[in-house]
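Chemist: Could you look at this predicted model? Sequence included:
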Amino acid sequence: MPEDKVFQLHDVVEMKKQHPCGENRWKIIRMGADIRIKCQGCGHSVMLPRSEFKKKLKRVLSHEEE
């Protein structure tokens, strides 16, 4: 399986389903076995297992340069 979706901490990503608030942009705020993402619309954060996150990820919108 090709690993085309490369994501890092603080990247802004688009998920397949949008959040109930209407926003579809999320910021990665924690990475490990689980990945925590924060909605860029309402600020709600969700923690997903890495495998589930990879399935639900549509694309990486921007990379944060630290």
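Modeler: Now that the structure is in, tell me what you want to look at. Numbering: from 1, shown residues only.
Chemist: His44 reaches Lys38, doesn't it?
Modeler: Yes: the criterion here is C-beta atoms under 8 Å, and His44 meets it with Lys38 at 7.3 Å. All C-beta spots, glycine's among them, are computed from the backbone N, C-alpha and C.
Chemist: Do a quick rundown of the helices in this protein.
Modeler: 50-56 (DSSP state H).
Chemist: Where does pLDDT dip in it?
Modeler: 1-4, 64-66 (pLDDT under 70).
Chemist: 80 instead, please
Modeler: 1-5, 63-66 (pLDDT under 80).
Chemist: Find the nearest non-adjacent residue to Asp34, please.
Modeler: Nearest non-adjacent residue to Asp34, counting by C-beta to C-beta, 6 or more residues apart in numbering: Met47, 5.1 Å away.
Chemist: quick one: the one you found and Ala33 touch, right?
Modeler: No: with contact defined as C-beta under 8 Å, Met47 does not reach Ala33; the gap is 10.3 Å.
Chemist: Looking at the two, which has the bigger crowd around it?
Modeler: Neighbours per residue, other C-beta atoms under 10 Å: of Met47 and Ala33, the larger number sits with Met47, 12 against 7.
Chemist: and the more buried one, what does it touch?
Modeler: Going by C-beta atoms under 8 Å, 6 or more residues apart in numbering, Met47 touches 30, 34-36.
Chemist: Now with 10 Å, please.
Modeler: Counting by C-beta atoms under 10 Å, 6 or more residues apart in numbering, Met47 makes contact with 29-30, 32, 34-37, 53.
Chemist: just to revisit the earlier point, what distance do you get for the residue nearest to Asp34 to Met31?
Modeler: Separation of Met47 from Met31 (C-beta to C-beta, to the nearest Å): 11 Å.
Chemist: Overlap in contacts, these two.
Modeler: In contact with both Met47 and Met31: 37, 53, using C-beta under 10 Å, 6+ apart.
Chemist: Torsion angles phi and psi at Gly43?
Modeler: Gly43 adopts backbone torsions of phi 90, psi 0, taken as degrees, to the nearest 10.
Chemist: So which residues of the chain form strands?
Modeler: In the chain, the strands defined using DSSP state E lie at 12-15, 25-30, 34-39, 45-49, 57-62.
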